[in-house]
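J.: Prediction below, plus the sequence it came from.
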Amino acid sequence: MQIYHHILSTSEDDAWVDLKNLEIHPEMAQLLAEFGILEIQEGQIRLKHAARLAKLQRLRCGLGVNLNGAAIILDLLERIEAMQEEIDRLKRGQSP
């Protein structure tokens with residue numbers, strides 16, 4: 001079952017974090033990778049995915065949102081952030 005699909009970056013210059021350093025059960029990390037939320041390679045995830053994981057955990061633990069809901073919220077938050085960055089970029093390009 002796929003509840004969330006996110007196109008992962010193929011950039012080779014991203015930093016990686018060992019999953020052992022994060023507070024996540026390995027089975028949960030694998031499940032999130034299957035859903036497309038994280039990319040796991042050799043027991044490590046991209047640093048930017050560690051930030052995504054932290055947001056997901058705050059949604060689940062802090063607000064009591066289930067995994068499906070947290071994944072959807074996370075996707076929407078990332079889309080809003082990207083649109084805000086684009087708006088800011090366009091404003092900078094148009095200002096005198």
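T.: Done, it's in. Everything numeric in this text was worked out from a predicted model, so none of it was measured.
J.: Spit out the contact partners of the residue sitting nearest the centre point of the chain.
T.: Centroid-nearest residue in the chain, with CA atoms, centre = their mean: residue 52, separated by 3.0 Å. Counting by CB atoms under 8 Å, 6 or more residues apart in numbering, residue 52 makes contact with 37, 38, 74, 78. (C-beta placed from N, C-alpha, C; glycine too.)
J.: Could you look up the next helix or strand downstream of the helix or strand harbouring residue 29?
T.: With elements taken from DSSP states H and E, the one containing residue 29 is helix 26-35. Toward the C-terminal end, the helix or strand that comes next after helix 26-35 (DSSP H and E) is strand 40-41.
J.: Go ahead and name everything in contact with that next one.
T.: Under the criterion CB under 8 Å, 6+ apart, external residues in contact with strand 40-41 comprise 16, 19, 29, 30, 33.
J.: Now list the buried members of those.
T.: Restricting those to buried positions leaves 16, 19, 29, 33, with burial counted as 16 or more other CB atoms under 10 Å.
J.: excluding its backbone neighbours, what's nearest the first one?
T.: Yep, that's residue 16 we're talking about. residue 44 (4.2 Å; CB to CB, 6 or more residues apart in numbering).
J.: ok, that neighbour to residue 23 distance?
T.: If you measure residue 44 against residue 23 using CB to CB, to the nearest Å, the figure is 15 Å.
J.: Looking only at neighbour counts, state which of these two leads.
T.: The residue with more neighbours, out of residue 44 and residue 23, is residue 44; 18 against 7, by other CB atoms under 10 Å.
J.: Tell me the bridge partners for the more buried one.
T.: residue 18, residue 41 (DSSP bridges).
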